[in-house]
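Q: sequence plus predicted model, see below.
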Amino acid sequence: MKKILTYGTFDLTHIWHIKILKRAKELWDYLIVGVSTDEFNNLKWKKCEFPYDHRKEIIESIKYVDLVIPESNWEQKIDDVNKYNVDIMVMWDDWEWKFDYLKEYCEVIYLPRTWGISTTQIKNNISNKK
């Protein structure tokens, strides 16, 4: 069984999130998704509309996802790759080169982002309507 790992905040989950998880799952058999914890998001200066437990439950309910794990810090990725015997790390192409250090441990693939929709854009649209 080949395992894939990816990470994200997944706040205001939308169709782009579903499509990217589907594309990741199509690469191999088992998809592990690291969802950023509230504490980690605070360190990244990222404000979420929903707490970690809610975002985790939403991602767990997506049929392409086999396992959800907490993403607590930048440094955990090597440990996660080793702990879960990951074959491929998948990230979006706006992160290109940032995770190449993992190539020593697994294959790294950058998938194209679906442009035209993002959580930031949705939040901005909502703010502009107020």
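A: Thanks, I have the structure now.

Q: elements contacting the longest helix that the chain contains?
A: The longest helix of the chain (DSSP state H) is helix 15-27. If you count contacts as 3 or more Cβ pairs under 8 Å, 6 or more residues apart in numbering; DSSP states H and E, helix 15-27 packs onto strand 3-8, strand 30-36, strand 88-92, strand 107-111. Heads up, the C-betas are built off the backbone N, CA and C, glycines and all.

Q: export the ones you listed to CSV and tack on mean pLDDT, mean neighbour count and distance to residue 21?
A: Shown next, in CSV, are the helices and strands packed on helix 15-27 (pLDDT from 0 to 100; neighbours: other Cβ atoms under 10 Å; distance: least, Cβ to Cβ, whole Å):
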stretch, mean pLDDT, mean neighbour count, distance to residue 21
strand 3-8, 95, 22, 8
strand 30-36, 97, 22, 7
strand 88-92, 91, 21, 9
strand 107-111, 93, 17, 10
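
Q: turn these into a markdown table, including distance to residue 60.
A: Formatted as a markdown table, those follow (distance: least, Cβ to Cβ, whole Å):
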| stretch | distance to residue 60 |
| --- | --- |
| strand 3-8 | 14 |
| strand 30-36 | 9 |
| strand 88-92 | 18 |
| strand 107-111 | 21 |
